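>>> below is the structure, and that's it, no one-letter string:
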């Protein structure tokens, strides 16, 4: 059985940076908390807990908190201000690409544009971006949802959206407004990961998509593989692998979301290699 | 035989305005010249000549010129400056929508955008717009022609382009740049005329498209009708009508370009009505 791993599988730049910032702080200080789970991967969160880094909720401030880490998705303007008013240390680990989307949303609003955000309205990243976009901002996850726009419209995009959706959004928006200013805030590594995964999925018998079940970008990868018609398994750890998935399978593709650590991917590849060797013997 | 006339057939706002400006000037002054034919309709140009309004070429300034009229398509920044340096009266009959496209091109260039113009590079309107768009501006008539763009791109559109082409342009441009500012400078009356003509063409046996053979927007209407699969004749005057075109025809659609005067359209409708009456008798 041939194992093909996507080059872009696993931690992106923003996630790597956030974990490093949190670990560095925990080396020198106690009372380090992240606002919500730092990334959408339960196994990484367990490891961070072991190092004294715990998640907290905004409504229940831990009594011993000394440092609050803002996670990659970023937070709303209001929560950012609230955290900074507490007199504790605040480490902003917002992904720099998400930060840019927030800043562009703010700029567009200041320039008098109605801000149109392409993304999932319930995703923390989008909630954060929207808080900078002014009271007339709208969020759509499908271009068809747009019914009416003001004359001057500014677009920003949740960093993990596929570019095809942005293209369809522009196609529709330009017929409903006169001036359109677009910041393509889609993260390149997301786009490349999707592209690479699609190519891989088209060339194998089975796809393994590794990452948190609560990770939107991992789920997006799994859906993409399914849409290509390849048998796909979305798993979090090597424990979930089942021998029978690989009966008669000649090639398996492995990809992983931006919040999936290398050690989980390696675990899984090792177990797959074991299966292959048994297969070769048999 | 049923005759259906498009509501939007004939003179648009900009053309009407230009002719009125020229005629008004010729009523009070002699030596009124238009830089190139005022509009792309030979029959109208003949009527203007009869009123003492003649076209001139920039390379051959008439000795008795007192007033130069800039036509609806507008002129380049250089020619505008040249005309204003001559010490004669200059009447700027540039269509206000074209003027806006020129101003947006200038603004985008001043804001540091690479200006991308969708249109026909040889059309006087586009030549004029481009002169305001800075040295790195590019003109494409098909989105596929774009190979490479700078990071920040500003788009303006020749006023007579179809919106579908602008949509395809945006779809392509957003994958080649990071920031895209678009002024949809497509003239509504052009868009509506195209839409109405398409609907009409889909409901008749024969289409007559009336207007100068040198009129780009009339030619565009004729091509649109042909693409829908209806038998189409592009004519300039009633003289060109042929009885045999209407043998066994139950319905004929009539449309006309933005530079086609009402009296030509009426002439043709009258002649068609005559044919119909003969037909009814026969």
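Now that the structure is in, tell me what you want to look at. Please read all numbers here as calculations on a predicted model, not as lab measurements.
>>> what segments of chain A are helices?
Here chain A has its helices, by DSSP state H, at A:13-28, A:42-50, A:77-84, A:96-110, A:124-130, A:163-173, A:188-201, A:216-228, A:262-281.
>>> so which bits of the stretch 101-250 of chain A are right by chain B?
The stretch 101-250 of chain A comes close to chain B at residues A:163, A:166-167, A:170-171, A:174-175, A:177-184, as judged by Cβ under 8 Å from any Cβ of the partner chain. (Each C-beta comes from the backbone N, C-alpha and C, glycine too.)
>>> and the pLDDT at the closest residue to chain B within the stretch 1-150 of chain A?
Nearest residue of the stretch 1-150 of chain A to chain B, counting by Cβ to the nearest Cβ: residue A:104, 8.6 Å away. At residue A:104, the pLDDT value in this model is 98.
>>> how many neighbouring residues does the closest residue in space to it that isn't next to it in sequence have?
Excluding its sequence neighbours, the residue lying closest to residue A:104 (Cβ to Cβ, 6 or more residues apart in numbering or on different chains) is residue A:183, at 4.2 Å. By other Cβ atoms under 10 Å in any protein chain shown, 21 other residues sit near residue A:183.
>>> buried residues in stretch A:95-112?
Under the neighbour-count criterion of 16 or more other Cβ atoms under 10 Å in any protein chain shown, stretch A:95-112 has A:95, A:97-102, A:104-109 buried.
>>> now, which of these sits nearest residue A:194?
Set against residue A:194, the nearest of these by Cβ to Cβ is residue A:97 (15.2 Å).
>>> for that closest one, give me its contacts.
A:14, A:159, A:185, A:187 (Cβ atoms under 8 Å, 6 or more residues apart in numbering or on different chains).
>>> got it, and residue A:264?
Residue A:264 touches A:41, A:43, A:210, A:236, A:237, A:238, A:256, counting by Cβ under 8 Å, 6+ apart.
>>> name all residues that make contact with the third one.
Under the criterion of Cβ under 8 Å, 6+ apart, the neighbours of residue A:210 are A:9, A:218, A:234-236, A:254-257, A:260, A:264-265, A:268.
>>> try it again at 10 Å.
Residue A:210 makes contact with A:9-10, A:41, A:218, A:221-222, A:233-238, A:240, A:254-257, A:260-261, A:264-265, A:267-269 under the criterion Cβ atoms under 10 Å, 6 or more residues apart in numbering or on different chains.
>>> show me where pLDDT drops low in the stretch 101-250 of chain A?
Within the stretch 101-250 of chain A, no stretch falls below the threshold (pLDDT under 70).
>>> how much space between the residue most central in space within chain A and residue A:124?
The centroid of chain A falls nearest to residue A:217 when counting by Cα atoms, centre = their mean (4.7 Å). According to Cβ to Cβ, to the nearest Å, residue A:217 and residue A:124 sit 13 Å apart.
>>> wait, isn't the residue nearest to residue A:104 in contact with residue B:153?
No. Judged on Cβ atoms under 10 Å, residue A:183 makes no contact with residue B:153 at a distance of 11.9 Å.
>>> OK, contacts around the residue lying closest to residue A:162 once chain neighbours are set aside?
The shortest distance from residue A:162 to any non-neighbouring residue, by Cβ to Cβ, 6+ apart, is to residue A:194 (6.1 Å). Taking Cβ under 10 Å, 6+ apart, we find residue A:194 in contact with A:8, A:160, A:161, A:162, A:163, A:164, A:186, A:217, A:220, A:221, A:224, A:255.
>>> buried ones among those?
The neighbour count (16+ other Cβ under 10 Å) marks A:8, A:160, A:161, A:162, A:163, A:186, A:217, A:220, A:221, A:224, A:255 as buried among the contacts of residue A:194.
>>> name the nearest of these relative to residue A:80.
Using Cβ to Cβ, these come closest to residue A:80 at residue A:160, 21.0 Å.
>>> mind listing what the closest one touches?
When contacts are counted by Cβ under 10 Å, 6+ apart, residue A:160 is found next to A:12, A:97-98, A:119-120, A:123, A:125, A:186-187, A:189-191, A:193-194, A:215-217, A:220, A:257-258.
>>> quick one, domains of chain A?
Listed domain ranges for chain A are A:2-10+A:189-281, A:13-94, A:97-186 (source: automatic domain parsing).
>>> how far out from the middle of the chain is the longest one?
In other words, domain A:2-10+A:189-281. Relative to its chain's centre, domain A:2-10+A:189-281 lies at 17 Å (Cα atoms, centre = their mean, to the nearest Å).
>>> how about the shortest one?
Centroid displacement of domain A:13-94 relative to its chain, using Cα atoms, centre = their mean, is 17 Å.
>>> re earlier: mind giving me the ChimeraX select for the contacts of residue A:264, buried ones only?
In ChimeraX, a selection of the buried entries from the contacts of residue A:264 looks like this (16+ other Cβ under 10 Å):
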select /A:41,43,210,236,238,256
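>>> which of the contacts of residue A:264 sit farthest apart?
For the contacts of residue A:264, the maximum inter-member distance is 14.3 Å, found between A:41 and A:238 (Cβ to Cβ).
>>> returning to that earlier point: among the contacts of residue A:264, find me the one that's closest to chain B.
Nearest to chain B among the contacts of residue A:264, with distances taken as Cβ to the nearest Cβ, is residue A:256, at 25.2 Å.
>>> read off the pLDDT value for the closest one.
Looking at residue A:256, the pLDDT reads 97.
>>> surely it and residue A:237 touch.
No. Applying Cβ under 10 Å as the test, residue A:256 and residue A:237 come out as separate, 11.6 Å apart.
>>> what touches both of the two?
A:210, A:264, A:268.
>>> Throw those into JSON lines and include distance to residue A:29, thanks.
Formatted as JSON lines, these follow (distance: Cβ to Cβ, whole Å):
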{"residue": "A:210", "distance to residue A:29": "32"}
{"residue": "A:264", "distance to residue A:29": "28"}
{"residue": "A:268", "distance to residue A:29": "34"}
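>>> ok, back up a step: need the contact list for the residue nearest to the centre of chain A.
Contacts of residue A:217 (Cβ under 10 Å, 6+ apart): A:12, A:40, A:159-160, A:187, A:189-190, A:193-194, A:211, A:256-260.
>>> repeat that for residue A:172.
By Cβ under 10 Å, 6+ apart, the contact set of residue A:172 is A:140, A:142, A:143, A:144, A:145, A:146, A:149, B:167.
>>> now the buried members of these.
Looks like these have A:140, A:143, A:146, A:149, B:167 buried, using 16+ other Cβ under 10 Å.
>>> ends of stretch A:45-65, how far apart?
Separation of the first and last residues of stretch A:45-65 by Cα to Cα, to the nearest Å is 18 Å.
>>> contacting residues around it?
A:19, A:22-23, A:25-27, A:29-39, A:41, A:67-69, A:71, A:75-76, A:78-79, A:82-83, A:86, A:88-89, A:212, A:259, A:261, A:263.
>>> give me that answer again for 8 Å
Outside stretch A:45-65, the residues that touch it by Cβ under 8 Å, 6+ apart are A:19, A:22-23, A:26, A:30-39, A:68-69, A:79, A:82, A:86, A:88.
>>> now that stretch: average pLDDT?
On average, stretch A:45-65 scores 95.
>>> and that stretch, what's buried?
Buried residues in stretch A:45-65, counted by 16+ other Cβ under 10 Å: A:45, A:48, A:53, A:54, A:55.
>>> so how far is residue B:75 from the second one?
It refers to residue A:48. 67 Å.
>>> cool, the first one as well?
In this view, residue A:45 and residue B:75 are 66 Å apart by Cβ to Cβ.
>>> any idea what sits nearest residue A:125, other than its immediate chain neighbours?
Nearest non-adjacent residue to residue A:125, counting by Cβ to Cβ, 6+ apart: residue A:73, 4.2 Å away.
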